[in-house]
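Trainee: what's the 3D shape of this:
(one chain, ligands or ions: 1)
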Amino acid sequence: MGERQRISPSQRGGSGTVSPAEKGRARAVALDHLRDHVNRGHSRIASLLGLPLEVRSSGALVYDEEDTAYLDCGGYGVFLLGHRHPDVVDAVTAQLGRHPLPTRALIEPNVASAAQALTSVAPAGLQYAFFVNSGTESVELAIKLARANGCRRVIAAEGGFHGKTLGALSATGNNRYRAGLEPLLPGVEFVPFGDAEALKAALASDATRACVLLEPVQAEGGVRLPPTGYLRQVRELCDEFHALLAMDEIQSGLGRLGSWWGCDEEDVRPDVLTTGKVLSGGVVPVAATLATPEVYEVLNQDPLLHSSTYGGNPLAAVAAATTIDVLRRDRLVEQARTLGGRLLPQITDALAAAGPTLIREVRGRGLLIGIEFTSEAPAGLFLTHMLRERVLTSYTLNASRVIRLTPPAILEPDHVCWLLQSLERSAVALAGG
Ligand code: PLP
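Mentor: Numbers count the residues shown, from 1 in each chain. This is a model prediction of the structure:
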């Protein structure tokens, strides 16, 4: 499976015919510059794996310098709408031709309508939205709002991931990324994910007001689903102990799990919610922190308590608002649920050849699917087999035994076939040593 798709020179960007030697040179130059000016380790891995350049993308496909198509089931969970969704591209292109960046001196209407659109699909009560440029920044603001509301403790979950700026990192339950950077933000504690009793004990141990910061499903933690009822218990405990509940829905939200939000699964309304990734429409980086009027009041009273030169710029705002329109209009949340429901057993079957000595479990919800291997080595090998099949998957930051699939909701039947056959062939190759 996996057609090689040729594109015309005009689609390619008008450079006319490019010789194989020139293409090889472009790759060598990129690797050299990456090594000398971006990151030596990245460059070495890219070179060892023989990774191609990514040149263009459309829908579920990404094309390399040879115009070979790759099925994108990775992309850090961003591309639920696929790459360059046409409606988002049109809206952003029109805005680019009108007014891309704000003055901050006048009224910018796009950020206002994006906030209205986003809060209209958010869990009830989250009336305000502040747009930023990345997920980690939205977590920084969540922590700041908690602080400004008197929370001097953050209780986060072991294995959770919230980003790599210092505040968000301090709540990320993986020591590997914290090594050498301690002490980080004071007052952060960790409890086991999915264990309501442990959370209760932590809340009861100290009368200082706390903010509980959680993902509804741990994505980078290895696609870990909490026991049924856990999120509801967390909400009840936060109410009992007067703690704020901040849900990090950067990876789980906006349809990825087959519901608008992971916390919808248990009808839980957080006080603060962070979102990003899918919000971009696969076009412009954007994230946001949402909050209830009560929590947001500190910003309403002092609008300069938080600000950002680029946060909520017109391009990002238009991308976000159009993404929400498309999710609604094309019923992509429902589609993610249906497609994910079909894919999970199909993926489990396709991987049967690898057997229980190599694969411990296939699990997921909606279009967030994790394949847990029995150790790190086969997981890494599997990723390279899938690359040979021209299917892009993701490693998992806090659980290197787990390979993640985050396909778009717009997968066509032949893409599904391509994915399943690639999984099957990779499992056979792995089992054969
Ligand atoms: N929170 C969660 C749950 C994430 O999955 C991620 C990224 O993977 C982040 C925060 C950080 O987002 P970003 O990489 O956009 O800073």
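
Trainee: who touches the strand or helix carrying G41?
Mentor: In the assignment (DSSP states H and E), G41 maps to helix 40-49. By CB atoms under 8 Å, 6 or more residues apart in numbering, the residues outside helix 40-49 that reach it are L31, D32, L34, R35, L51, T384, L387. Quick note: C-beta positions are derived from backbone N, CA and C, even for glycine.

Trainee: Go ahead and produce PDB holding the CA coordinates of it.
Mentor: This file holds the C-alpha atoms of helix 40-49, laid out as PDB (Å, rounded to 0.1, in the frame of the first residue of the first chain):
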ATOM      1  CA  ARG A  40      23.800  17.700  16.900                       C
ATOM      2  CA  GLY A  41      21.800  14.800  18.400                       C
ATOM      3  CA  HIS A  42      18.800  15.400  16.200                       C
ATOM      4  CA  SER A  43      21.000  15.600  13.100                       C
ATOM      5  CA  ARG A  44      22.800  12.300  14.100                       C
ATOM      6  CA  ILE A  45      19.500  10.400  14.600                       C
ATOM      7  CA  ALA A  46      18.000  11.800  11.300                       C
ATOM      8  CA  SER A  47      21.200  10.700   9.500                       C
ATOM      9  CA  LEU A  48      21.300   7.300  11.000                       C
ATOM     10  CA  LEU A  49      17.600   6.600  10.200                       C
END
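
Trainee: So which bits of the stretch 51-200 of the chain are right by the ligand?
Mentor: Taking CB under 6 Å from any ligand atom as the contact definition, the stretch 51-200 of the chain meets the ligand at Y76, S134, G135, T136, V139, F161, H162, G163.

Trainee: Go again with 8 Å.
Mentor: Within the stretch 51-200 of the chain, the positions near the ligand by CB under 8 Å from any ligand atom are 76-77, 134-139, 160-165, 168.

Trainee: which ones are touching the spatially closest residue to L344 that is not a sequence neighbour?
Mentor: Leaving aside its chain neighbours, L344 sits nearest to G364 (5.8 Å; criterion: CB to CB, 6 or more residues apart in numbering). G364 sits next to V223, L225, G340, L344, G370, L405 when contact means CB under 8 Å, 6+ apart.

Trainee: I'd like to know which of those residues is nearest to S259.
Mentor: Of all the contacts of G364, S259 sits closest to G340, with 10.5 Å by CB to CB.

Trainee: The closest one touches R365, doesn't it?
Mentor: Yes. The criterion here is CB atoms under 8 Å, and G340 meets it with R365 at 6.8 Å.

Trainee: Just list the residues touching the residue in the stretch 101-250 of the chain that the ligand sits nearest to, thanks.
Mentor: Minimum separation of the stretch 101-250 of the chain from the ligand (CB to the nearest ligand atom) falls at G135, amounting to 2.2 Å. Under the criterion of CB under 8 Å, 6+ apart, the neighbours of G135 are H162, G163, I250, Q251, T274, G276, K277, A287.

Trainee: Widest-spaced pair of the residues you listed?
Mentor: By the measure CB to CB, H162 and K277 form the most distant pair in the contacts of G135, at 13.1 Å.

Trainee: who has more neighbours, those two?
Mentor: A count of neighbours by other CB atoms under 10 Å puts H162 above the other of H162 and K277, at 30 against 26.

Trainee: before we move on, back to that, closest to P123 out of the contacts of G364?
Mentor: The closest of those to P123 turns out to be L225 (CB to CB; 18.9 Å).

Trainee: Hmm, R365 and that closest one touching each other?
Mentor: Yes. Under the criterion of CB under 8 Å, L225 makes contact with R365 at 6.2 Å.

Trainee: Common neighbours of those two, please.
Mentor: V217.

Trainee: Which one's more surrounded, those two?
Mentor: R365 (23 against 19).

Trainee: Beta-bridge partners for the more buried one, please?
Mentor: For R365, the beta-bridge partners are L368 (DSSP bridges).

Trainee: Distance of it relative to the ligand?
Mentor: Using CB to the nearest ligand atom, to the nearest Å, R365 is found at 14 Å from the ligand.

Trainee: residues contacting that residue?
Mentor: When contacts are counted by CB under 8 Å, 6+ apart, R365 is found next to V217, L225, L257, G258, G340.

Trainee: thinking again about what came up before, closest one of the contacts of helix 40-49 to F130?
Mentor: Nearest to F130 out of the contacts of helix 40-49 is L34 (CB to CB; 33.8 Å).

Trainee: What is the neighbour count of that closest one?
Mentor: 17.
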